[in-house]
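Peer 1: Sequence and predicted structure are below.
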Amino acid sequence: MYRVVCVSDEEIPTVIWKGPLGRKYEVAIIHEEAHFDALKSISRFYKLKNFCLDCEKPYQRARDHDRDCKVSIIKFTNMSDDFLGEMFLLWARSI
C-alpha cells in the first residue's frame, strides 16, 4: 500500500533507500544525521520542478520524461522490508 522513500539532506537529490514499486502511495522521509523527518514533496525540498523517484533524476516536462525514463532494473538493497518498517514505526512514534 505504501512505498517509503528515504533521501539525503545533500544539495543534490540522493535516494538512500526506496521500497518496492507498485505501491499506491509514497511516503518520503529525509535522513539528517541520526534523525528522520517527513517530506511533503521531494521535488519541493530539492527546489526542482519535477523529480522521478524511479530513475532518480530531475526533469522539466512529464511527456519528455515518460519517453526518456528507462527504469528496467530494480535496485536491490540489504535492508529488508521488515527492518525499514520497524525504522518507520519508530520514527512515526517520535513525532
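Peer 2: Structure received.
Peer 1: Relative to Ile16, how far out is Val27?
Peer 2: 14 Å (CB to CB, to the nearest Å). Where C-beta positions appear, they are placed from N, C-alpha and C, glycine not excepted.
Peer 1: all strands for the protein, in order.
Peer 2: 2-8, 15-18, 25-32, 35-39, 50-52, 57-59 (DSSP state E).
Peer 1: Which elements pack onto the fourth one?
Peer 2: Packed against strand 35-39, as judged by 3 or more CB pairs under 8 Å, 6 or more residues apart in numbering; DSSP states H and E, are the following elements: strand 25-32.
Peer 1: How far does the strand it packs on sit from its chain's centre?
Peer 2: 6 Å (CA atoms, centre = their mean, to the nearest Å).
Peer 1: now do stretch 38-45
Peer 2: 9 Å.
Peer 1: pull the CA atoms of that stretch into PDB?
Peer 2: Listed next in PDB are the C-alpha coordinates belonging to stretch 38-45 (Å, rounded to 0.1, in the frame of the first residue of the first chain):
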ATOM      1  CA  ALA A  38       8.800  13.600   6.800                       C
ATOM      2  CA  LEU A  39       8.700  15.500   3.500                       C
ATOM      3  CA  LYS A  40       5.600  16.700   1.800                       C
ATOM      4  CA  SER A  41       7.400  16.700  -1.600                       C
ATOM      5  CA  ILE A  42      10.800  15.600  -2.700                       C
ATOM      6  CA  SER A  43      10.700  18.000  -5.700                       C
ATOM      7  CA  ARG A  44       9.900  21.000  -3.500                       C
ATOM      8  CA  PHE A  45      12.500  20.100  -0.900                       C
END
